[in-house]
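In: I would like to see how this sequence folds:
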Amino acid sequence: MDTARVRTHLAALGWTGEILEFAESSATVELAAEKVGTEPARIAKTLGFTDPEDADRAVLVVAAGDARVNGGRFKRAFGAKPRMLRGPEVLERTGYPIGGVCPFAPAPGARVFLDASLRRFETVFPAAGTATSAVEIPVDRLVELTGAAGWVDVTLGWQPEADEAAPAS
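Out: Numbers count the residues shown, from 1 in each chain. As a prediction, the model looks like this:
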């Protein structure tokens with residue numbers, strides 16, 4: 001696998017940025033953050049689940065690196081408990097290998113959704129189709145560049161603490 005499919009997809013949509021490629025793995029949030037020189041939260045991890053509407057397809061949820069999918073929120077959004085793709089299902093249903101799953105030009109039938117945890121950033125870094133790549137994308141262009149079906153709120157762990165969110169008195 002290489003980044004050619006992602007590069008072609010993004011270029012066709014008028015994106016002119018750079019795909020970052022590394023000699024070593026960037027397959028985890030921590031590794032990717034280290035490689036691109038950012039905080040782990042800005043790594044846009046693409047999580048693959050069995051699509052509740054069709055068990056032969058994937059639902060891809062793109063979330064901030066510090067967010068965790070919450071089963072109850074996922075069920076409210078998609079109508080079923082989350083079931084992560086495993087082993088050979090990952091490549092078959094997403095079009096990308098484990099560690100390189102990304103939201104660009106996924107396998108036919110895969111549905112992409114963007115999690116609200118990403119909205120707090122101007123740009124984020126999803127993978128670019130391999131376990132050794134990333135690409136910086138403006139959050140306001142994510143729907144356009146991924147073809148996402150929309151925004152969801154299925155994660156926890158990233159929200160500001162109640163004390164931080166409260167207005168100063």
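
In: Need the pLDDT of M1.
Out: M1 is assigned 67 on the pLDDT scale.

In: Could you do V139 as well?
Out: V139 carries a pLDDT value of 97.

In: just P167 next, same as before
Out: Per-residue confidence at P167 stands at 42 (pLDDT).

In: so where is the chain shaky, pLDDT-wise?
Out: Applying pLDDT under 70 to the chain picks out residues 1, 160-169.

In: now the helices for it?
Out: For the chain, applying DSSP state H gives helices covering 4-12, 29-36, 71-78, 88-94, 142-146, 162-165.

In: Let's have those in JSON lines, adding distance to S117.
Out: C-betas here are computed from N, CA, C, even on glycine. Shown next, in JSON lines, are the helices of the chain (distance: least, C-beta to C-beta, whole Å):
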{"stretch": "helix 4-12", "distance to S117": "22"}
{"stretch": "helix 29-36", "distance to S117": "12"}
{"stretch": "helix 71-78", "distance to S117": "11"}
{"stretch": "helix 88-94", "distance to S117": "20"}
{"stretch": "helix 142-146", "distance to S117": "12"}
{"stretch": "helix 162-165", "distance to S117": "15"}
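
In: Tell me the strands beside the biggest strand by length in the chain, with direction?
Out: What stands out as the longest strand in the chain, according to DSSP state E, is strand 54-64. Strand 54-64 has its sheet partners listed here by DSSP bridges as strand 43-51 (antiparallel), strand 111-115 (parallel).

In: now the shortest one and helix 71-78, what's the angle there?
Out: It stands for strand 111-115. For strand 111-115 against helix 71-78, the angle by axes from the mean of the first three to the mean of the last three C-alpha atoms, to 10 degrees is 130 degrees.

In: Please apply the same query to the first one.
Out: An angle of 70 degrees separates the directions of strand 43-51 and helix 71-78 when computed by the same axes, to 10 degrees.

In: how about the longest strand of the chain as PDB, C-alpha atoms only?
Out: Extracted as PDB, the C-alpha positions of strand 54-64 are listed here (Å, rounded to 0.1, in the frame of the first residue of the first chain):
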ATOM      1  CA  ASP A  54     -25.200  -3.700   6.500                       C
ATOM      2  CA  ALA A  55     -22.800  -6.100   8.300                       C
ATOM      3  CA  ASP A  56     -20.700  -6.300   5.100                       C
ATOM      4  CA  ARG A  57     -19.800  -2.600   5.200                       C
ATOM      5  CA  ALA A  58     -17.900  -0.300   7.500                       C
ATOM      6  CA  VAL A  59     -18.700   2.800   9.300                       C
ATOM      7  CA  LEU A  60     -15.600   5.000   9.700                       C
ATOM      8  CA  VAL A  61     -15.700   7.500  12.600                       C
ATOM      9  CA  VAL A  62     -12.900  10.100  12.500                       C
ATOM     10  CA  ALA A  63     -12.200  11.400  16.000                       C
ATOM     11  CA  ALA A  64      -9.600  13.400  17.800                       C
END
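
In: All set now, cheers.
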